[in-house]
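Trainee: dropping the sequence and predicted coords here.
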Amino acid sequence: MSQFQADIESISSLKAMHGSAWNAINPESAARMRAQNRFKTGLDIARYTARIMRDDMAAYDTDPSMYTQSLGCWHGFIGQQKLISIKKHFNSTDRRYLYLSGWMIAALRSEFGPLPDQSMHEKTAVPALIKELYTFLRQADARELGDLFRQLDGASGAAREAIQQKIDQHVTHVVPIIADIDAGFGNAEATYLLAKQMIEAGACCIQLENQVSDEKQCGHQDGKVTVPHEDFLAKIRAVRYAFLELGVDDGVIVARTDSLGAGLTKQIAFTREPGDLGDQYNAFLDAEEVSVESLTNGDVLLSRNGKLVRPKRLPSNLFQFREGTGEARCVLDCITSLQNGADLLWIETEKPHIGQIGGMVKEIRKVIPNAKLVYNNSPSFNWTLNFRQQVFDSMKAEGKDVGAYERNMLMSAEYDETELARIADERIRTFQADAAREAGIFHHLITLPTYHTAALSTDNLAREYFGEQGMLGYVAGVQRKEIRQGIACVKHQNMSGSDIGDDHKDYFSGEAALKAGGKHNTMNQF
């Protein structure tokens, strides 16, 4: 017996217990509403999606072609349309997630207006967006099932059985969200409190970075400052405690290291003995050997291998790491995080280079054999130029003639039809599969793609509509394409919930219902 049929029977029994007072209650209508609201709370969602992620991680460990993907979404509607499109094109949501980007919350969702990615936005906006995304995904379920129920009412025989089977086997739009908590918005207690809010809103996976919270910078900007390992590990533990307190035992933590591009630290790590974690962190500091006689006012000194050294201290009161230590610091960050409760890694790089990423993962896997990454396929990279230059360099190294190309000008459209450009585009196309296989990347995401698509589509519409094309700019450029591509929101009244509301009016008021979806509704044109 399906869950839908079981609900009809249980509600029928409940109705009988209440006698004539419930005469107007239709058990099937109530069962339909229950089916359209499968997830009652955010914690229900977090527990359900955490299990999905854990299963996907296990599948990837067996077969790296089973990597996962997501796109960053800055509004519930964007996330909803993404999942509707995925189901339409692939008949499944398997291994497709949502990404919640702190960058996009800062740029698009703060009451202060657009902000840089420096943790200046309201931290409450993070769980609010998680809740909003899942509200829209649950509404997508309700809408799709509502359409099926209306089809069921008008069908009979084999057609009715086929529709009922679709209802019984309905695939939800609710998928895991990897949610960005930045550097925790404060100390470990602040991280724990915010993590609880995010989990209660539905997050099964929280991404935490090792920058100083009040000095936080975007991963692709300069001026990043990291914290000693023990500070970061306390926040990882804080997130784990939040998951455990709320009963999301499968909750996933992504530990992000910004050490590759971070040359500064705010603190000298506490150390008890040579070689401990604090001592390893301090060993990366740029320091010079000094004598007591050469000391100046305010100097900070360290004992290193029996000698006094003075770490390089900037006017900002920050300490500087030695140049060229970024990759070694990343590897140590990753190993330490996995050894202390993190589940996945995120290495923020300055370019999409499989060799660079894979080299670090190889070192990490010497200690943690099943280490795997979440990787930012960032719009901050110039993908075209990066890959064309990589191909140029490999062709040159192989002794091929590259005289027809100017390396620094490879972004130019004049190269678009060349052999070099075709090779580069093919490497971009297969980058995710190649990196999943060769560099341990379990999850590929683009942090802020829908920020860019919104700007691009708006530019195209504005150019046509306010120009000579006028209304044809909208009709040909938007509506006609929506209709022919089967974009669900072309029926925008249906998408906003009008038909769901009509169904409820039927349930609540029967023949007295005043419905919006009658013959005069212009949505009938679609």
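Mentor: The structure has been received and is ready for your questions.

Trainee: which parts of the host helix or strand of residue 50 are buried?
Mentor: Taking DSSP states H and E as the criterion, the element that holds residue 50 is helix 42-62. Using 16 or more other CB atoms under 10 Å as the test for burial, helix 42-62 gives 42-43, 45-50, 52-54, 56-57, 59-60. Every residue, glycine included, has its C-beta placed from N, CA and C.

Trainee: swap in stretch 323-342?
Mentor: Residues of stretch 323-342 classed as buried by neighbour count (16+ other CB under 10 Å): 325-338, 340, 342.

Trainee: now, which of the residues you listed sits nearest residue 144?
Mentor: residue 342 (36.1 Å; CB to CB).

Trainee: any idea which helix or strand comes after the helix or strand where residue 14 lies?
Mentor: Here residue 14, judged by DSSP H and E, is contained in helix 3-17. Towards the C-terminus, the helix or strand next in line after helix 3-17, according to DSSP H and E, is helix 27-35.

Trainee: okay, which residue is most central for this protein?
Mentor: Nearest to the mean C-alpha position of the chain, counting by CA atoms, centre = their mean, stands residue 99 at 1.6 Å.

Trainee: show me what counts as buried in whatever helix or strand it lives in.
Mentor: Under DSSP H and E, the secondary-structure element containing residue 99 is strand 96-100. Using 16+ other CB under 10 Å as the burial criterion, the residues of strand 96-100 that qualify are 96-100.

Trainee: poorly predicted segments of the stretch 1-150 of the chain, please.
Mentor: Judged against pLDDT under 70, the stretch 1-150 of the chain has no low-scoring part.

Trainee: let's see it at 90
Mentor: Confidence mapping of the stretch 1-150 of the chain against pLDDT under 90 gives the ranges 1-2, 116-120.

Trainee: hmm, back to that, off-centre distance for the helix holding residue 14?
Mentor: Using CA atoms, centre = their mean, to the nearest Å, the mean C-alpha position of helix 3-17 is found 39 Å from that of the whole chain.

Trainee: check which helices and strands that helix sits against.
Mentor: Helices and strands in packing contact with helix 3-17 are listed as helix 27-35, helix 157-168; criterion 3 or more CB pairs under 8 Å, 6 or more residues apart in numbering; DSSP states H and E.

Trainee: contacts for it?
Mentor: Outside helix 3-17, the residues within contact range by CB atoms under 8 Å, 6 or more residues apart in numbering are 1, 22, 25, 27-28, 30-32, 34-35, 167-168.

Trainee: switch the cut-off to 10 Å
Mentor: 1-2, 21-35, 38, 145, 149, 164, 167-168, 170 (CB atoms under 10 Å, 6 or more residues apart in numbering).

Trainee: hmm, back to that, out of the helices and strands packed on helix 3-17, which gets nearest to residue 212?
Mentor: helix 27-35 (47.6 Å).

Trainee: using PDB, write out every CA atom in that closest one.
Mentor: Output in PDB follows, covering the C-alpha atoms of helix 27-35 (Å, rounded to 0.1, in the frame of the first residue of the first chain):
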ATOM      1  CA  PRO A  27     -10.200  12.000   3.700                       C
ATOM      2  CA  GLU A  28      -8.800  11.900   0.200                       C
ATOM      3  CA  SER A  29      -8.500  15.700   0.100                       C
ATOM      4  CA  ALA A  30      -6.700  15.700   3.400                       C
ATOM      5  CA  ALA A  31      -4.400  13.000   2.200                       C
ATOM      6  CA  ARG A  32      -3.600  15.000  -0.900                       C
ATOM      7  CA  MET A  33      -2.700  18.000   1.300                       C
ATOM      8  CA  ARG A  34      -0.500  15.800   3.400                       C
ATOM      9  CA  ALA A  35       1.200  14.400   0.300                       C
END
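
Trainee: quick one: that helix to chain centroid distance?
Mentor: What separates the centre of helix 27-35 from the centre of its chain is 33 Å, taken as CA atoms, centre = their mean.

Trainee: now do that helix against helix 157-168, angle only.
Mentor: Between the direction of helix 27-35 and that of helix 157-168, the angle (axes from the mean of the first three to the mean of the last three CA atoms, to 10 degrees) works out to 40 degrees.

Trainee: and helix 27-35, what does it pack against?
Mentor: Counting contacts by 3 or more CB pairs under 10 Å, 6 or more residues apart in numbering; DSSP states H and E, helix 27-35 packs against helix 3-17, helix 125-153, helix 157-168, helix 498-509.

Trainee: for the longest one, the distance to its chain's centre please.
Mentor: It stands for helix 125-153. Going by CA atoms, centre = their mean, the spacing between the C-alpha centre of helix 125-153 and its chain's C-alpha centre is 19 Å.

Trainee: next: the third one.
Mentor: Between the centre of helix 157-168 and the centre of its host chain there is 35 Å, according to CA atoms, centre = their mean.

Trainee: quick one: that helix to helix 125-153, angle?
Mentor: For helix 157-168 and helix 125-153, the angle between their directions (the same axes, to 10 degrees) works out to 170 degrees.

Trainee: pull out the buried residues from helix 157-168.
Mentor: Neighbour-count burial for helix 157-168, with 16+ other CB under 10 Å as criterion, is recorded at 163-164, 167.

Trainee: could you point out the helix or strand that follows that helix?
Mentor: If you walk from helix 157-168 toward the C-terminus, the next helix or strand you reach (DSSP H and E) is strand 177-180.

Trainee: so what does the helix or strand just after that following strand touch, helix or strand wise?
Mentor: Moving toward the C-terminus from strand 177-180, the first helix or strand encountered (DSSP H and E) is helix 188-201. When contacts are defined as 3+ CB pairs under 10 Å, 6+ apart, helix 188-201 sits against helix 42-62, helix 125-153, strand 177-180, strand 205-209, helix 229-245.

Trainee: out of those, the one nearest residue 377 is which?
Mentor: With CB to CB as the criterion, residue 377 lies closest to strand 177-180 of those, at 13.3 Å.

Trainee: neighbouring strands for that closest one, and are they parallel or not?
Mentor: Within its sheet, and counting by DSSP bridges, strand 177-180 is paired with strand 96-100 (parallel), strand 205-209 (parallel).

Trainee: quick one on the thing from earlier: list the buried residues in the helix holding residue 14.
Mentor: Applying a neighbour-count criterion of 16+ other CB under 10 Å, one finds 4, 7-8, 11, 15 buried in helix 3-17.

Trainee: got those residues as a markdown table, with distance to residue 70 columns?
Mentor: As requested, the buried residues of helix 3-17 are exported to a markdown table (distance: CB to CB, whole Å):
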| residue | distance to residue 70 |
| --- | --- |
| 4 | 30 |
| 7 | 32 |
| 8 | 36 |
| 11 | 37 |
| 15 | 43 |
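
Trainee: what's the closest of these to residue 270?
Mentor: Sorting the buried residues of helix 3-17 by distance to residue 270 puts residue 7 at the head of the list, at 57.5 Å, by CB to CB.
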